[in-house]
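In: Using only what follows, build the 3D model:
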Amino acid sequence: MQQETPVNNDAIRQWTITPEGYLQIDIPIARPGVLVYDRKRGDAFTAKEYRSADELFNQDSMNTLIGKPVTVSHPRNGLVTSKNYRSVAAGVVTAVMRQGDELFARALVQDEKSIRLIQQDKTLRGASAGYQCDEKPKVTGRSPDGQEYDTAQKGINYNHLSIVRNPRVKTATFNLDGEPMELEEALAEIETLKAKNQTLTGELSTARGDLIKANNRIVNMDSANGEAYDRGVADGRQEHQLKEAAKRLNINTDSLGDINLVKQAIIKKAHPEVNMDGWSDEQTDVALSMALVACGKKFEQTPRNPRTPNNDEQGSGANSAHLNYQARTFGHKKQGDK
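Out: Numbers count the residues shown, from 1 in each chain. Coordinates of the predicted model:
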C-alpha cells in the first residue's frame, strides 16, 4: 500500500539555482519513530506504525529514492507511474543521505512553473515521500521515545518525493495571487484558470472564423458588384449599337426612350406585318437578330463615291469593269448607253 511520510514543515534547509536555472533543494524527509494513520483524518487506514532507524537508514532502502521523480503535491492515485509521469513530475531526486537522525534527499526541481511556485511560497515549506513496504507485520511495542505502536515497517521502497503542504494540517498554506490558499484549493484554482484559458481560446477561434466568413462575403459582394458593372457596360454598349443601327435604317430614336421600343422598331422595319404582342424577351431578341440580317441586305448603305482609278496602276480595262459594277448595283447606265 502506498504511504506518505508526515509532512516535515519548514523542511527546505538549503536551496540553490543551478546554471541551467533548476532549483536544487536539500530536504529532510523522515526520521525514525511512530507514524500515526487514522481513517477519521482521511487516511486510507488506521494504524500506529513503527519505522526503526535500521529500516529508515538501510542503504538498499535509501537507494530506491535516488532517481525517483519529484512532484508538487502527491499524485491523486498515490503513485507515480509511466502513465502519469509526464503530467505530475517536476524534477528528480539526485542524492539521499543521513544527517544525524534525519534522512535527507536532494531534489532537483526542473519544471519552470513548479520552481516559480516554490519560490513564491513565503510561508511554510514541506516534504513528504511516497513509499511502499515489503511487509508490515502486526506487532506491538514501544519506540525508544516511548510511543506505542501496533505495526512495524519492513523493507521501505520509495516511489516519489513530494514538496507539499500537509493536507491534514490546514495551517499549511501558500499564496496564490496574494490570497492565502490551501494547496488543494490552489490546484483547483489553477485548473479553473486553465479551463477559462481553453474557453477564451475557443471563443477567439470562433471569432476568427466569423471574421473569415465576413471577409468572404465582402469579397463575394465585390465580385457581384463587378459583374453588375460589367453587365451595365455591356447593356450600354448594346443600346448604343442598336440606336446606331436604327439611324442607318432611317428610324428616329429620339422618341424611343426604352431600348425595347428600339428593338421593336427595327423588327417592324424589316417585317412591317409582324405582331409582337405577348412576345417574350427571348422571342424579341431572336426576331431582332433576323431583322438586322434582313435589313442589312434590304437597306444597304449608299457607298462612298468610287475612287477614280489610277490608270498607271489599273489600266483602261479596270476602269470599264468598275463602271459595269456600279451599273449592276445602283442602276447606272453603262458608258455609251443613250
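In: quick one: contacts for His271?
Out: Ala287, Ala291, Ala294 (CB atoms under 8 Å, 6 or more residues apart in numbering). To be clear about C-beta, it is placed using only N, CA and C from the backbone, and glycine gets the same treatment.
In: For the stretch 101-250 of the chain, which segments count as strands?
Out: 102-109, 126-135, 141-142, 148-149, 151-152, 154-164, 173-176, 179-182 (DSSP state E, counting those that start in this stretch).
In: can you redo those strands as TSV with mean neighbour count, mean pLDDT and distance to Lys194?
Out: Compiled in TSV, these are given as follows (neighbours: other CB atoms under 10 Å; pLDDT from 0 to 100; distance: least, CB to CB, whole Å):
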stretch	mean neighbour count	mean pLDDT	distance to Lys194
strand 102-109	22	92	21
strand 126-135	20	87	25
strand 141-142	12	94	49
strand 148-149	16	94	43
strand 151-152	20	92	41
strand 154-164	22	91	20
strand 173-176	17	24	14
strand 179-182	14	39	16
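In: what's the closest of those strands to Thr199?
Out: strand 173-176 (20.3 Å; CB to CB).
In: For Ile259, which of the strands of the stretch 101-250 of the chain is the nearest?
Out: Ile259 sits nearest to strand 173-176 of all the strands of the stretch 101-250 of the chain, at 78.3 Å, using CB to CB.
In: which residues does Glu241 contact?
Out: If you look again at residue 241, you'll see it is Gln, not Glu. With contact set as CB under 8 Å, 6+ apart, Gln241 has no partners.
In: which phi and psi does Asp26 have?
Out: phi -100, psi 120 (degrees, to the nearest 10).
In: let me redo that: Pro32
Out: phi -60, psi 150.
In: picking that back up, give the PyMOL command for selecting the buried subset of the contacts of His271.
Out: To isolate the buried members of the contacts of His271 in PyMOL, using 16 or more other CB atoms under 10 Å:
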select buried, resi 287+291
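In: sorry, back to before: adding distance to Ala246, write the strands of the stretch 101-250 of the chain out as JSON lines.
Out: Shown next, in JSON lines, are the strands of the stretch 101-250 of the chain (distance: least, CB to CB, whole Å):
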{"stretch": "strand 102-109", "distance to Ala246": "94"}
{"stretch": "strand 126-135", "distance to Ala246": "101"}
{"stretch": "strand 141-142", "distance to Ala246": "125"}
{"stretch": "strand 148-149", "distance to Ala246": "120"}
{"stretch": "strand 151-152", "distance to Ala246": "116"}
{"stretch": "strand 154-164", "distance to Ala246": "97"}
{"stretch": "strand 173-176", "distance to Ala246": "88"}
{"stretch": "strand 179-182", "distance to Ala246": "89"}
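In: List the buried residues of stretch 72-80.
Out: Those buried within stretch 72-80 under the rule 16+ other CB under 10 Å are Val72, Ser73, His74, Pro75, Val80.
In: mind checking the end-to-end distance for it?
Out: Start to finish, the residues bounding stretch 72-80 are 12 Å apart (CA to CA, to the nearest Å).
In: can you check stretch 139-159 too?
Out: Distance across stretch 139-159, first residue to last, is 25 Å (CA to CA).
In: Need the contact partners of that stretch.
Out: 2, 32-35, 47-52, 55-56, 58, 61, 64-65, 68, 79-80, 129-138.
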